[in-house]
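K.L.:
Requesting a structural model of the entry that follows:
(2 chains, ligands or ions: 2)
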Amino acid sequence: MEMLSGAEMVIRSLQDQKIEYIYGYPGGSVLHIYDALAQQEQVKHILVRHEQAATHMADAYARASGKPGVVLVTSGPGATNAVTGIATAFMDSIPMVVICGQVPSTLIGEDAFQETDMMGVSRPVVKHNFAVKHPSEIPGLIKKAFYIASSGRPGPVVIDIPKDMTTPTDKFEYSYPEAVPMRSYNPATRGHSGQIKKAVELLLEARRPVILVGGGAVGGKATAEATELAKTLNFPVSNTLMGLGGYPSTDRQWLGMPGMHGSYEANMALHGSDLILSIGARFDDRVTNATEKFCPTAKIIHIDIDPSSISKTIAADVPIVGPAKSVLVEMLALLAKSGKQPDAEALSSWWSQIDQWRERHGGHYERNEGGMLKPQQVIEALYQVTKGDAYVCSDVGQHQMFAAQYYKFDKPNRWINSGGLGTMGFGFPAAMGVKLHYPEAEVVCVTGEGSFQMNLQEFSTCSQYGIPVKIVCLNNHSLGMVRQWQDMNYESRHSQSYMQSLPDFHKLTDAYGHKAITVKTEAELIPALEEAFALKDELVFLDIHVDPTEHVYPMLVPKASMRDMWLNKTERT
Amino acid sequence: MRHIIAVLLENEAGALSRVVGLFSQRNFNIETLNVAPTEDPTLSRLTVTTSGSDRVIEQITKQLNKLIEVVKLVDLTEGEHIEREMMLIKLKATGQHRDEVKRTVDIFRGQIVDVSSSIYTVQLTGDQGKLDAFIAAIGETYVLETVRTGVSGIARGDKVLSI
Ligand SMILES: Cc1ncc(C[n+]2csc(CCOP(=O)(O)OP(=O)(O)O)c2C)c(N)n1
Ligand SMILES: [Mg+2]
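P.N.:
Numbering: from 1, shown residues only, chains lettered A, B, ... in the order given. Ligands and ions are numbered 1, 2, ... in the order given. Alright, predicted model coming up:
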């Protein structure tokens, strides 16, 4: 048996877990671990400039790859700085393992220097957390953390390690377990076949169906099956914000996103539907609008790995608890076996109704001929220049919604955004995390001048490691999404939503040794994007000035149903 | 409606705080809560009484089940069950009232477990309603101090909550 210190066990366990990169920031309580890290090469460490960025990097890597990301931070302020990123991953069910230092166990509870009760602080925003009580527990707890983080409904797991658990001279037997069975944790491995059968019967009877594909289909790697099912049945499909790319957006059967800023046709179709098949979508309030007015004629089949997501906000008629992939495989088999098809005539009139809705709106916006760029136009240009094949990592605000609406994702795992928590500052580190692992891919951060300033210090990390992401900043000189709400609900009193004293982004980018391009006109737009993407090895910041008065539409009317929308500043349904 | 949920929990540090935290995070109410290790020292058994619509109760049981340290749970109110709570209560017992208190304790099958010249300390077991009724019968002005364990419950018949 090999004898290792707790610190060495941490790093060895990560090696045995085949972790390539971890993201973090050192400090007193993790110095032993950092020393063990320095004595090997297999696990590479990215030194961020703020712990929040480390968590977003790990999180975005997980979103792009489906594998858990790993973070290492010190106790106290290191750990609390990581909390926003942990909460972000938690809300979107992203697998992540966060290793936090802690003051020595002998000092816990004494308000020691840099002591924070991270078990308590993180508890509401983790899938689970562990405190190490003895160094020999470390390999087992790390294995459990990875297992819990990435199985069932994924989520972040925190491991709190007091400094005295990692003392270099205290050595213990090391072995990394193959498996860590837990009597109290057994996520469903397949759906109930009786329920699946019932669901298939409903699908075959449907006359006005919609398939709703959520983040669970992406996380559950079930998007191919979802697509096959939609194709087999000729049903229309809508992807939630978290599910974008889960069904190809350029396909005829795709309706767009549902909800607050969903497409007109998706919201109308859902409202008028007689059956919704939800695959890993959780009927979030930003989708449903007023739950009591939600889709009054629809029966609901709800597939989810997490039973508590089913009938939480919207009651399901046929709940199916299980992994989306295996459930859909069974559904497809049953459908094939039945030899039946839904009523073709009913479907064809449903489709002609949908086509009418499409014509009515279909993502229309007005350009300012010869005037300021419209943000939508920038996203369309980005789509064109990147041939629809980039990883798009978004921040939060209007730019996020424009990106979701106008960049057409045909593949899953390409749209990376903080959907549940809505964390400004997410986009840039997220893009870094993706680019690091997919150096050949085009990785772009779509951001606003507000969001970008929440993690711009990471320019420095990009210089250190040479991470050539492209940053498309839709600079509207305002906290646009806040401003839009103030326009709509507060008689345009722009309380604190105007970004005064913006930095000179050109000089700022320069200072960190990166390249900046400023874009103010339509003529400059495509050439600037092309130039940026041609510079394969350089981080390029595109400061694109866009119309600050633009609003995101459609927009659901508050406390109403899904068919109640503002379509532009003056017209509502 | 009021529900009694019995939970088998890994007997680990912090497990209880997750249960309690869950109730406050998700805006569920707790009326009573008690917890102690079982005959298997790796497990604690927790009984919580709560109330809410069917939808809320469904969420409570699902969310509890989701906690990694929850091994098993049952909503006892879904079937026949026995519910008990224990109360220790200090009652003013002076003059002619002293006998009256004694009689009431007997009627409720309580036990006087400690006596001083002016006070009876009484132990009483029963369901919540019985304990409430006892206090009402004694009259609140005579009650000096109460301590109640909160409800414990167990299913009737052959049903067993174990792993
Ligand atoms: C950390 C954080 N703080 C506050 C908010 C609330 N918020 C949502 S959008 C937004 C404005 C974002 O401004 P910007 O990044 O410039 O994007 P824009 O809406 O202008 O495109 C704000 C303040 C948030 N989502 N996250
Ligand atoms: Mg802005």
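K.L.:
Show me what secondary structure element comes after the longest strand seen in chain B.
P.N.:
Looking across chain B with DSSP state E, the single longest strand is strand B:81-92. For strand B:81-92, the following helix or strand on the C-terminal side (DSSP states H and E) is helix B:97-107.
K.L.:
which ones are touching the residue in chain A that chain B sits nearest to?
P.N.:
Per Cβ to the nearest Cβ, A:S308 is where chain A lies closest to chain B, at 3.8 Å. C-beta here means a position set from N, CA and C on the backbone, and glycine is covered the same way. Residues in contact with A:S308 (Cβ atoms under 8 Å, 6 or more residues apart in numbering or on different chains) are B:59, B:62-63, B:65-66.
K.L.:
Now do the longest strand of chain B, average pLDDT.
P.N.:
For strand B:81-92, mean pLDDT rounds to 97.
K.L.:
Relative to the whole chain's centre, how far out is that strand?
P.N.:
Centroid displacement of strand B:81-92 relative to its chain, using Cα atoms, centre = their mean, to the nearest Å, is 9 Å.
K.L.:
Given that strand, what are its sheet partners and their directions?
P.N.:
Here strand B:81-92 is paired, per DSSP bridges, with strand B:119-126 (antiparallel), strand B:143-148 (antiparallel), strand B:152-155 (antiparallel).
K.L.:
remind me, longest helix of the chain?
P.N.:
As the question left the chain open, I've gone with chain A. helix A:344-360 (DSSP state H).
K.L.:
try chain B instead
P.N.:
Longest helix in chain B, counting by DSSP H: helix B:54-66.
K.L.:
For it, list every residue counted as buried.
P.N.:
Of all the residues in helix B:54-66, those buried under the rule 16 or more other Cβ atoms under 10 Å in any protein chain shown are B:56-64, B:66.
K.L.:
Which single residue of chain B ends up nearest chain A?
P.N.:
Residue nearest to chain A within chain B: B:K62 (3.8 Å; Cβ to the nearest Cβ).
K.L.:
what's near enough to touch A:I138?
P.N.:
A:I138 neighbours (Cβ under 8 Å, 6+ apart): A:6, A:9-10, A:13, A:132, A:161, A:165.
K.L.:
mind putting these in JSON lines, neighbour count, pLDDT and distance to B:K130 included?
P.N.:
What follows is the contacts of A:I138, written out as JSON lines (neighbours: other Cβ atoms under 10 Å in any protein chain shown; pLDDT from 0 to 100; distance: Cβ to Cβ, whole Å):
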{"residue": "A:G6", "neighbour count": "28", "pLDDT": "98", "distance to B:K130": "54"}
{"residue": "A:M9", "neighbour count": "32", "pLDDT": "98", "distance to B:K130": "55"}
{"residue": "A:V10", "neighbour count": "29", "pLDDT": "98", "distance to B:K130": "55"}
{"residue": "A:S13", "neighbour count": "24", "pLDDT": "98", "distance to B:K130": "55"}
{"residue": "A:V132", "neighbour count": "23", "pLDDT": "98", "distance to B:K130": "47"}
{"residue": "A:I161", "neighbour count": "31", "pLDDT": "98", "distance to B:K130": "50"}
{"residue": "A:M165", "neighbour count": "27", "pLDDT": "98", "distance to B:K130": "50"}
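K.L.:
tell me the two of those residues that are most distant?
P.N.:
Spatial extent of the contacts of A:I138 (Cβ to Cβ) is set by the pair A:S13 and A:M165 at 13.0 Å.
K.L.:
Could I have the CA atoms of the longest strand of chain B written out in CSV?
P.N.:
Taking C-alpha atoms only, strand B:81-92 is exported to CSV below (Å, rounded to 0.1, in the frame of the first residue of the first chain):
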residue,chain,number,x,y,z
HIS,B,81,-50.7,4.8,12.6
ILE,B,82,-50.0,5.5,16.3
GLU,B,83,-48.9,9.0,17.3
ARG,B,84,-47.4,9.9,20.7
GLU,B,85,-46.0,12.9,22.3
MET,B,86,-44.6,13.2,25.8
MET,B,87,-45.0,16.3,28.0
LEU,B,88,-43.5,17.3,31.2
ILE,B,89,-45.5,20.1,32.9
LYS,B,90,-45.1,22.0,36.1
LEU,B,91,-48.4,22.9,37.6
LYS,B,92,-49.3,25.2,40.5
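K.L.:
Now the residue of chain A closest to chain B. Its backbone dihedrals?
P.N.:
Dihedral pair for A:S308: phi -70, psi -10, per degrees, to the nearest 10.
K.L.:
Nearest residue to it in space, please, no chain neighbours.
P.N.:
Nearest residue to A:S308, sequence neighbours excluded (Cβ to Cβ, 6 or more residues apart in numbering or on different chains): B:K62, at 3.8 Å.
K.L.:
On the three-state scheme, A:E41 is what?
P.N.:
Three-state assignment for A:E41 (DSSP: H, G, I helix; E, B strand; the rest coil): coil.
K.L.:
Smallest gap between chain A and ligand 2, at which residue?
P.N.:
A:G448 (3.4 Å; Cβ to the ion).
K.L.:
Output the set of residues of chain B in proximity to chain A.
P.N.:
Within chain B, the positions near chain A by Cβ under 8 Å from any Cβ of the partner chain are B:10, B:13-14, B:17-18, B:21, B:25, B:55, B:58-59, B:62-63, B:65-66, B:68-71, B:163.
K.L.:
about what we covered before: wait, what's in contact with the residue of chain A closest to ligand 2?
P.N.:
Contacts of A:G448 (Cβ under 8 Å, 6+ apart): A:395, A:397-399, A:473-476, A:479-480.
K.L.:
now, the most widely separated pair of the residues you listed?
P.N.:
Pairwise distances across those peak at 13.6 Å for A:C473 and A:L479 (criterion: Cβ to Cβ).
K.L.:
And the pLDDT at residue 74?
P.N.:
Using chain A here. pLDDT for A:T74: 98.
K.L.:
My question was about chain B, not that one.
P.N.:
Confidence score, pLDDT, at B:V74: 97.
K.L.:
now it: how far from ligand 2?
P.N.:
52 Å (Cβ to the ion, to the nearest Å).
K.L.:
mind listing what that residue touches?
P.N.:
Residues in contact with B:V74, defined by Cβ under 8 Å, 6+ apart, are B:5-6, B:155, B:159, B:161.
K.L.:
rewinding a little: now what about the longest strand of chain B, what contacts it?
P.N.:
Against strand B:81-92 from outside (Cβ under 8 Å, 6+ apart): B:4, B:32, B:76, B:101, B:113, B:118-128, B:131, B:134-135, B:138, B:141-156.
K.L.:
can you pull the buried residues of it?
P.N.:
B:81, B:83-87, B:89-92.
K.L.:
For ligand 2, what is the nearest residue in chain B?
P.N.:
Taking Cβ to the ion, chain B has B:Q25 as its residue nearest ligand 2, at 32.0 Å.
K.L.:
neighbours around that residue, how many?
P.N.:
13 (other Cβ atoms under 10 Å in any protein chain shown).
K.L.:
What pLDDT is listed against it?
P.N.:
B:Q25 is given a pLDDT of 95.
K.L.:
Who are the contact partners of it?
P.N.:
Taking Cβ under 8 Å, 6+ apart, we find B:Q25 in contact with A:P124.
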